[in-house]
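K.L.:
fold the following and give me the result.
(chains A, B, C, D, E and F)
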Protein chains: 6
Amino acid sequence: MDSVDKFKRYRERMNSRILSGGNLGIKRFFALDSRAYEKGALDVKTKELLGLVASMVLRCNDCITYHVIRCVQEGVSDDQFFEALNVTLIVGGSITIPHIRRAVETLDQCREKQRSRGL
Amino acid sequence: MDSVDKFKRYRERMNSRILSGGNLGIKRFFALDSRAYEKGALDVKTKELLGLVASMVLRCNDCITYHVIRCVQEGVSDDQFFEALNVTLIVGGSITIPHIRRAVETLDQCREKQRSRGL
Amino acid sequence: MDSVDKFKRYRERMNSRILSGGNLGIKRFFALDSRAYEKGALDVKTKELLGLVASMVLRCNDCITYHVIRCVQEGVSDDQFFEALNVTLIVGGSITIPHIRRAVETLDQCREKQRSRGL
Amino acid sequence: MDSVDKFKRYRERMNSRILSGGNLGIKRFFALDSRAYEKGALDVKTKELLGLVASMVLRCNDCITYHVIRCVQEGVSDDQFFEALNVTLIVGGSITIPHIRRAVETLDQCREKQRSRGL
Amino acid sequence: MDSVDKFKRYRERMNSRILSGGNLGIKRFFALDSRAYEKGALDVKTKELLGLVASMVLRCNDCITYHVIRCVQEGVSDDQFFEALNVTLIVGGSITIPHIRRAVETLDQCREKQRSRGL
Amino acid sequence: MDSVDKFKRYRERMNSRILSGGNLGIKRFFALDSRAYEKGALDVKTKELLGLVASMVLRCNDCITYHVIRCVQEGVSDDQFFEALNVTLIVGGSITIPHIRRAVETLDQCREKQRSRGL
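P.N.:
From the prediction side, this is the model:
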């Protein structure tokens, strides 16, 4: 199980635990969170790129991993990916570089999964 | 002169002053900053939306004003604009609301300018 | 009209404008935001203190003004207020001092209003 | 030894090391830090909740672990805990969710310790 | 009275007001804050540059104004000043540019004061 | 291989990977990043201290590890190091303490390496 799979499993398990806590506000927030990335006037791919860039400049590794996975699923190309990372590097500065490392590492793991499934 | 025009003038004047300071690193950074939003694998409109969302979650009013103006120039519709703001609100929380107020105020000023020019 | 009243008016006007934008996600977030501070297992006063401290360490002046007003309405004493500010100063450091200045300025305006109404 | 115990041990060891460095300013800051959460006009439980919320919105996992442990010691109930997390989620947005996961994981470890001691 | 003088007056007035609030923790923090920039193993000029860079990347205009004034008093040259700003621009990204504008504006006001006094 | 060596290896490997991505903007940013710390009107040691303090208050562990290593190479003494950490603690508050722990742990590893090489 690679780090992408470990993240997915941990995220799923803890989200269930949090929702089982019975707080209605948190439950509704989680619903709004999902809906924010659904197709509307902007398409899903653009919204996932927005989510990725927001996560990058706020420097949250788990959020970055999540949005990298989603961007790959939505067909973001490597060039598009690096251009989005360049925007985050310019806006957020060198302090984002450790997160660019993580984002690219996750991208490579996702591409590897795509290749192995494609065989 | 409304606040959008005041911002533009101040920004232009101070950027010239900063560049006149003779620091090569700063000068080159400013060049990279412009280039990051040019058309590449992602189009300019998408990149400006990325810049807007990054500025929103990092809560920088001057950066927000700049990217709202640019988004309007690139043809972002009101619905697209509000969807991008919704992503920032979800990612960044209620702490971004004062900046959503500013972004919408600037959007309204830009639309007003568009209408008055269109007559 | 003092700065507390100006803030209230601007906040009310722009919140109406934002909600008129027709984005359902934003509208629902605003509803969740209000409900988060309602009485539950924690009382309203404690929740407003939590909101104040969160706004202080995230350094958002408009959010601070809002929660100072609400804390005063919920009967937070000056000593309790300064102890909450001390927690923010310790957690967030001297970078929060300009916001402590604003918070105390707003507190003084609110106390002044209380006194003038009490006559 | 679970992650709560590991954290406690590491924290204790490194705090001793830092204080042995001989910097008087750091030593005095550590003393002020402890005192900020002592009983005053606000009770200890409220202050620990303030510390937890501040740590959550500033997204510092070690600080979160520390304040979760302290909140449990001060008798914060699960419902109160989740309401405080809801405030942080509303104020700080989805970027705080990975930290909510950690906070709840730590809470569960603390409750487990309480149960095993209670037998 | 220019904006540097206005800032100084407001800062002095509100700091007195805060200290009059009677919270011992806040009072002691203010004392530690002053001492952190006194001569030790590092000289005052270096410490003020550290304070400036910290304020820049954390993007606090009042803190920036304060440390620019102090850097000028400690004899930081324009070239040294711009090199420190370049470090902040690289580390913190374009989101710091509005604060670089403010820092340079304050620097120019301080230099103007130096010149007028020098006549 | 201790954590300092692991960090160096990971950093080197991923930086190569990122630069191999072919994005010109990112490549140029990395070049500007290196140049920002070269000798100019400020010496290298001062610039590395600025980089350390910026990394501390922005709370980025990888950046902290990098600048601690560089500060040690540039001859920063333990007393100077702790004074810089004190400035970050005052400016950034207790939320930086977990990063002070990491910085001191890295410092100790670097001193240990210096000693073992010196034999």
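
K.L.:
tell me the residues of chain A that contact chain F?
P.N.:
A:59, A:78-79, A:82-83, A:85-86, A:89-90, A:94-95, A:97-98, A:100-101, A:104-105, A:108 (C-beta under 8 Å from any C-beta of the partner chain). Heads up, the C-betas are built off the backbone N, CA and C, glycines and all.

K.L.:
near chain B, from those residues?
P.N.:
A:Asp79, A:Glu83, A:Asn86, A:Ile90.

K.L.:
shaky segments in chain A?
P.N.:
Flagging of chain A using pLDDT under 70 yields the residue ranges A:119.

K.L.:
for chain E, give me its nearest residue in it.
P.N.:
A:Gly93 (3.0 Å; C-beta to the nearest C-beta).

K.L.:
from the chain's centre, how far out does stretch A:86-97 sit?
P.N.:
17 Å (C-alpha atoms, centre = their mean, to the nearest Å).

K.L.:
quick one: end-to-end distance for it.
P.N.:
By C-alpha to C-alpha, to the nearest Å, the extent of stretch A:86-97 from end to end equals 10 Å.

K.L.:
can you tell me the centre-most residue of chain A?
P.N.:
A:His67 (1.2 Å; C-alpha atoms, centre = their mean).

K.L.:
what sits against that one?
P.N.:
By C-beta atoms under 8 Å, 6 or more residues apart in numbering or on different chains, the residues touching A:His67 are A:Glu48, A:Gly51, A:Leu52, A:Ser55.

K.L.:
ok, and the closest non-adjacent residue to it?
P.N.:
A:Leu52 (3.9 Å; C-beta to C-beta, 6 or more residues apart in numbering or on different chains).

K.L.:
tell me which element that neighbour falls in.
P.N.:
Using DSSP states H and E, A:Leu52 maps to helix A:44-57.

K.L.:
that helix vs helix B:44-57, what angle?
P.N.:
On the basis of axes from the mean of the first three to the mean of the last three C-alpha atoms, to 10 degrees, helix A:44-57 is oriented at 40 degrees to helix B:44-57.

K.L.:
please save the CA atoms from helix A:44-57 in PDB.
P.N.:
Extracted C-alpha coordinates of helix A:44-57, given in PDB (Å, rounded to 0.1, in the frame of the first residue of the first chain):
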ATOM      1  CA  VAL A  44     -15.000  20.300 -12.300                       C
ATOM      2  CA  LYS A  45     -11.500  20.300 -13.600                       C
ATOM      3  CA  THR A  46     -11.200  24.100 -13.100                       C
ATOM      4  CA  LYS A  47     -12.600  23.800  -9.600                       C
ATOM      5  CA  GLU A  48     -10.200  21.000  -8.700                       C
ATOM      6  CA  LEU A  49      -7.300  23.200  -9.900                       C
ATOM      7  CA  LEU A  50      -8.700  26.000  -7.700                       C
ATOM      8  CA  GLY A  51      -8.800  23.600  -4.800                       C
ATOM      9  CA  LEU A  52      -5.300  22.500  -5.500                       C
ATOM     10  CA  VAL A  53      -3.900  26.000  -5.600                       C
ATOM     11  CA  ALA A  54      -5.700  27.100  -2.500                       C
ATOM     12  CA  SER A  55      -4.300  24.000  -0.700                       C
ATOM     13  CA  MET A  56      -0.800  24.700  -2.000                       C
ATOM     14  CA  VAL A  57      -0.600  28.400  -0.900                       C
END
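
K.L.:
in it, what's buried?
P.N.:
For helix A:44-57, the neighbour count (16 or more other C-beta atoms under 10 Å in any protein chain shown) marks A:44-57 as buried.

K.L.:
widest-spaced pair of the residues you listed?
P.N.:
For the buried residues of helix A:44-57, the maximum inter-member distance is 20.8 Å, found between A:Val44 and A:Val57 (C-beta to C-beta).

K.L.:
buried sites along whichever helix or strand A:Glu83 is part of?
P.N.:
Using DSSP H and E, the element containing A:Glu83 is helix A:78-92. Buried residues in helix A:78-92, counting neighbours by 16+ other C-beta under 10 Å, are found at A:78, A:80-92.

K.L.:
measure the residue of chain A most remote from its centre to F:Gly118 for me?
P.N.:
Centroid-distance maximum for chain A: A:Gly22 at 26.2 Å, with C-alpha atoms, centre = their mean. Per C-beta to C-beta, to the nearest Å, A:Gly22 is found 60 Å from F:Gly118.

K.L.:
next, the angle from the longest helix seen in chain A to helix A:44-57.
P.N.:
What stands out as the longest helix in chain A, according to DSSP state H, is helix A:97-118. Interaxial angle, helix A:97-118 versus helix A:44-57 (the same axes, to 10 degrees): 140 degrees.

K.L.:
which outside residues touch helix A:97-118?
P.N.:
A:2-4, A:52, A:56, A:59, A:61, A:64-65, A:68-69, A:72, A:78, A:81, A:85, A:88-89, F:10-11, F:14-15, F:17-18, F:21, F:26, F:33, F:60-63.
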